[in-house]
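In: From the sequence below, what's the structure:
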Amino acid sequence: MQNIIEVKSWNALQEELFSDSWNPRIGRFRSRCAFRGLSDAEYKLETTLTRLGGKFWKMEPHLLRNFVKYAHKNILESEPLWHWLSVAQHHGLPTRLMDWTYSPFIAMHFATANQDKFDTDGVIWVINYVEAHLLLPEILKNVLEREGANAFTVDLILKAAGSFKEFSNLIEDDFVLFFEPPSLDERFINQFALFSISSNSKLVLDDWLKLYPQLWKKVIIPKELKWEIRDKLDQSNITERVLFPGLDGLSDWLKRMYKPKEHSES
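Out: This is a model prediction of the structure:
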């Protein structure tokens, strides 16, 4: 399939991920793509809400309402819904958000961080979010145009839609929007984070993307290449210690760094 590309080397991976970074309009190498790395190429682009199973779409308002109710000591309750949604996703609550990054290297990290998956091909999904936004309802496209922006912020979404119900009913067709989360802590900043959210909580992004092949590609990382990528990322300081500031990230980094290869001699 034209949208699925398997690379054979570190250099080929760089070429593929940066292949459309040239922006002639501004005369700079500024990609308009979002990247998502997964340790297993067979994983679907499912949200944590979808993975709850059952009638997960009915659980969404209850999950968020109770999160806001019990988390009020840590965050101002007056913050808008979209801000709370970012906070909830950040702290592990199942939501319809999906994590992306502006950085190909950070996507590479997430594709190669799990050493238990080094016998499995990984993948980096690449989506042109600027092109995806051309499919948005007019009211959302107009907000971006007035601001001269390519991606949304919480405040920009609020200018067009307040509740999930209002957001979901802007047009009949499903759509996907990319927005930058508030800079709640260093993780969002260091991971160069971007979220996607669909107007339909039941939507699985893989299925939606099949309707729009011009928006995406799927770059397969063969399992044989994972160790080279991982070692070169570590040498470049793309590690858990940087992407997850704090003792937890430090511990994860050290645990992975000192875990031997299975074929290493004792």
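In: Name the SS class of the most centrally placed residue in the chain, please.
Out: Centroid-nearest residue in the chain: Trp100, 1.6 Å away (criterion: C-alpha atoms, centre = their mean). What DSSP: H, G, I helix; E, B strand; the rest coil gives for Trp100 is strand.
In: what number of residues lie near Glu15?
Out: 11 (other C-beta atoms under 10 Å). Backbone N, C-alpha and C define where each C-beta goes, glycine included.
In: Oh, that last question was meant for Gly122, not what I typed.
Out: Neighbour count of Gly122, defined by other C-beta under 10 Å: 27.
In: just Leu247 next, same as before
Out: For Leu247, using other C-beta under 10 Å, the count is 8.
In: Now do Ser264, the pLDDT please.
Out: On pLDDT, Ser264 comes in at 45.
In: typo on my end, it should be Glu79
Out: Glu79 is assigned 66 on the pLDDT scale.
In: one step back: now do the same contact list for the residue nearest to the centre of the chain.
Out: If you count contacts by C-beta atoms under 8 Å, 6 or more residues apart in numbering, Trp100 has them with 34-36, 127, 178, 193-196.
In: how about the strands in the stretch 51-200 of the chain?
Out: For the stretch 51-200 of the chain, strands defined by DSSP state E, counting those that start in this stretch occupy the ranges 97-101, 122-128, 152-153, 176-180, 193-198.
In: any chance of these in CSV, with mean pLDDT and distance to Ala71 too?
Out: Output for the strands of the stretch 51-200 of the chain, formatted as CSV (pLDDT from 0 to 100; distance: least, C-beta to C-beta, whole Å):
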stretch, mean pLDDT, distance to Ala71
strand 97-101, 97, 16
strand 122-128, 98, 30
strand 152-153, 94, 21
strand 176-180, 96, 21
strand 193-198, 96, 18
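In: And for Ser201, the neighbour number?
Out: Residues near Ser201, counting by other C-beta under 10 Å: 19.
In: Check Leu85 too.
Out: When counting by other C-beta under 10 Å, one arrives at 25 neighbours for Leu85.
In: go on, Pro137?
Out: 18.
In: go on, Leu211?
Out: By other C-beta under 10 Å, the residues close to Leu211 number 10.
In: residues in contact with it?
Out: No contacts exist for Leu211 under C-beta under 8 Å, 6+ apart.
In: packing partners for the longest helix along the chain?
Out: Of all the segments of type helix in the chain, defined by DSSP state H, the longest one is helix 56-70. Applying 3 or more C-beta pairs under 8 Å, 6 or more residues apart in numbering; DSSP states H and E, we find helix 56-70 packed against helix 81-90.
In: just how off-centre is the helix it packs on within its chain?
Out: 14 Å (C-alpha atoms, centre = their mean, to the nearest Å).
In: just stretch 217-231 next, same as before
Out: Taking mean C-alpha positions (C-alpha atoms, centre = their mean), stretch 217-231 and its chain are 18 Å apart.
In: Ok, stretch 52-71 next?
Out: Using C-alpha atoms, centre = their mean, the offset of stretch 52-71 from its chain centre is 21 Å.
In: Could you do stretch 121-133 as well?
Out: How far stretch 121-133 lies from its chain's middle: 9 Å, per C-alpha atoms, centre = their mean.
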